[in-house]
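A.B. asks: coordinates only, sequence not included:
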């Protein structure tokens, strides 16, 4: 790392609850993250494991790097963001988890409120480039229409990050508390969350859901509900079933479930080669079981124990 550069490693932990994408926050309006400086060596895997372990006890997770971003302050200082999408399961503990759509409500296009908000935001952004008198303004107007599905363009779920960036640049985010939505502590957290959601949505057009997000066995209705939840849009039931039959990603697991309105439904699972390919494409995190950790462990003593020892030694020296 370049000396003097602040490097922020962040986790965007996402899990499904009843088919809805939930994100794990740090309890202070942000996402789990820590920072290093240019003279330190950041161990990515160990850092991500520590960030998740100090929040919740989950059994397994996979991490995928999101686009990095370098910022430079007026005084020449540089900050490098390295966010990771961490897909996992809640492990039955819902504390600290919030719906992604609590923070990005316009991304949920399955209800009237989300559609109305999306339209209102798009129209608001259009006023910033109206009337379009230059080629740049014409291009900006077309981009807004594509991002927010205006003037006959279709909704594209995978553009979540681009929509978030446009709203930040327009001053809409971070929120001012006047909107009916939960807020994050800064624009950096919105960018990370939107990047993670957009990254998660891109492969879903081919029904490529991360294996670790789904239970070991599931029904087709559960699979569709999860797809719709992540995409934030409704899918045609018959077309979905046809696509599932042709995708070659899942197979019958044997047995039936009666969780869907009391009606028996066949259980499915991901094929073994799909799970193997998923592990090869992502970074598997090893998360210790809760009994191996003490109640006093925090991100500071997991990551920065050497700093704490140095500080204690310095304080002892001052007392002497």
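C.D. replies: Cool, got the structure. Remember, it's a predicted structure, so these values are computed and weren't measured experimentally. Numbering: from 1, shown residues only.
A.B. asks: Now find how far off-centre stretch 164-178 is within its chain.
C.D. replies: 18 Å (Cα atoms, centre = their mean, to the nearest Å).
A.B. asks: tell me which residues of that stretch are tucked away?
C.D. replies: 164, 165, 166, 167, 168, 172, 173, 174 (16 or more other Cβ atoms under 10 Å). All C-beta spots, glycine's among them, are computed from the backbone N, C-alpha and C.
A.B. asks: and which of those is nearest to residue 214?
C.D. replies: Of all those, the one with the least separation from residue 214 (Cβ to Cβ) is residue 164, at 26.1 Å.
A.B. asks: Does that closest one fall in a helix, a strand, or a coil region?
C.D. replies: Assigned with DSSP: H, G, I helix; E, B strand; the rest coil, residue 164 falls in the helix class.
A.B. asks: Tell me who's in contact with residue 279.
C.D. replies: Taking Cβ atoms under 8 Å, 6 or more residues apart in numbering, we find residue 279 in contact with residue 62.
A.B. asks: Can you tell me how far it is from residue 139?
C.D. replies: 42 Å (Cβ to Cβ, to the nearest Å).
A.B. asks: same thing with residue 249?
C.D. replies: Distance from residue 249 to residue 139, counting by Cβ to Cβ: 38 Å.
A.B. asks: Excluding chain neighbours, what is closest to residue 187?
C.D. replies: Excluding the flanking residues, the one nearest residue 187 by Cβ to Cβ, 6 or more residues apart in numbering is residue 168, at 4.9 Å.
A.B. asks: Please disregard the earlier target; I meant residue 266.
C.D. replies: residue 256 (5.7 Å).
A.B. asks: Okay, buried residues for the strand or helix carrying residue 274 please.
C.D. replies: Secondary structure assignment for residue 274, by DSSP states H and E: helix 272-281. Using 16+ other Cβ under 10 Å as the burial criterion, the residues of helix 272-281 that qualify are 274, 278.
A.B. asks: again with stretch 90-101
C.D. replies: 90, 96, 97, 99, 100, 101.
A.B. asks: Repeat that for stretch 207-227.
C.D. replies: For stretch 207-227, by 16+ other Cβ under 10 Å, it's 207, 209-214, 217-227.
A.B. asks: ok now the following helix or strand past the helix holding residue 274, how far from the chain's centre?
C.D. replies: Toward the C-terminal end, the helix or strand that comes next after helix 272-281 (DSSP H and E) is strand 283-286. With Cα atoms, centre = their mean as the basis, strand 283-286 stands 16 Å off its chain's centre.
A.B. asks: Could you check strand 283-286 and say which residues are buried?
C.D. replies: For strand 283-286, by 16+ other Cβ under 10 Å, it's residue 285.
A.B. asks: what lines up beside it in the sheet?
C.D. replies: strand 60-65 (antiparallel) (DSSP bridges).
A.B. asks: how far does the partner strand sit from the chain's center?
C.D. replies: Distance, centroid of strand 60-65 to centroid of chain: 11 Å (Cα atoms, centre = their mean).
A.B. asks: Mind putting the buried residues of stretch 90-101 into a markdown table with distance to residue 200 and secondary structure?
C.D. replies: Formatted as a markdown table, these follow (distance: Cβ to Cβ, whole Å; DSSP: H, G, I helix; E, B strand; the rest coil):
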| residue | distance to residue 200 | secondary structure |
| --- | --- | --- |
| 90 | 16 | coil |
| 96 | 19 | coil |
| 97 | 16 | strand |
| 99 | 14 | strand |
| 100 | 9 | helix |
| 101 | 13 | helix |
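A.B. asks: re earlier: so for residue 249 and residue 139, which sits in the more crowded spot?
C.D. replies: residue 249 (19 against 12; other Cβ atoms under 10 Å).
A.B. asks: Might you report the residue contacts of the more buried one?
C.D. replies: Taking Cβ under 8 Å, 6+ apart, one finds 207, 208, 270, 271, 274 in contact with residue 249.
A.B. asks: Doesn't the second one lie inside a strand?
C.D. replies: No. The secondary structure assignment for residue 208 gives coil rather than a strand, going by three-state DSSP.
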